[in-house]
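**Q** Okay, sequence plus prediction incoming.
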Amino acid sequence: MAAIPKLAAQTGPAALGALAGGGKPALAGAGGKPALDFKAKARATATDFEAVFLNSMFNQMFTGIDGDGPFGGGGGAGIWRSFLSEEYSKSFAKAGGIGIADHVYGALLAQQEARAR
């Protein structure tokens, strides 16, 4: 769950400047490279955010599962189950997820445009 503090740090206004490269607006630049760099980082951040959300949802789904199954219900089942749900969430988010990343990406770009004005 080390991704949660990382994502929390990346979603604040100061972090948007850091994503853009030194706090300067990244929408205009020589050859468009800074803008593309910000967009790639914003997309990755949005996908990571969706993966964290999905991980939370999967962990809630697996809370009531006990006994037999792929983990056999032993003492370490909870730990391995958390690893499995984390991988599921990353896989789902990379494959398009449930649409949260698209909304977060749009919000990040809108905030950056507002700061550039």
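**A** Right, received. Where do you want to start? Residues are numbered from 1 along each chain as shown.

**Q** so for stretch 84-93, what's the average pLDDT?
**A** Stretch 84-93 shows a mean pLDDT of 92.

**Q** now do stretch 52-72
**A** For stretch 52-72, the mean confidence score works out to 77.

**Q** does residue 98 sit in a helix, a strand or a coil?
**A** Secondary structure state of residue 98, per DSSP: H, G, I helix; E, B strand; the rest coil, is coil.

**Q** Pull the contacting residues for it.
**A** Counting by CB atoms under 8 Å, 6 or more residues apart in numbering, residue 98 touches 50, 54, 92. Where you see a C-beta, it was placed from the backbone N, CA and C, and this is true even at glycine.

**Q** As JSON lines, those with secondary structure, distance to residue 86 and neighbour count would be great.
**A** Shown next, in JSON lines, are the contacts of residue 98 (DSSP: H, G, I helix; E, B strand; the rest coil; distance: CB to CB, whole Å; neighbours: other CB atoms under 10 Å):
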{"residue": "50", "secondary structure": "helix", "distance to residue 86": "13", "neighbour count": "25"}
{"residue": "54", "secondary structure": "helix", "distance to residue 86": "9", "neighbour count": "22"}
{"residue": "92", "secondary structure": "helix", "distance to residue 86": "11", "neighbour count": "17"}
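
**Q** From the residues you listed, pick the one nearest residue 106.
**A** residue 50 (12.9 Å; CB to CB).

**Q** State the distance from that closest one to residue 81.
**A** Applying CB to CB, to the nearest Å, the value for residue 50 to residue 81 is 20 Å.
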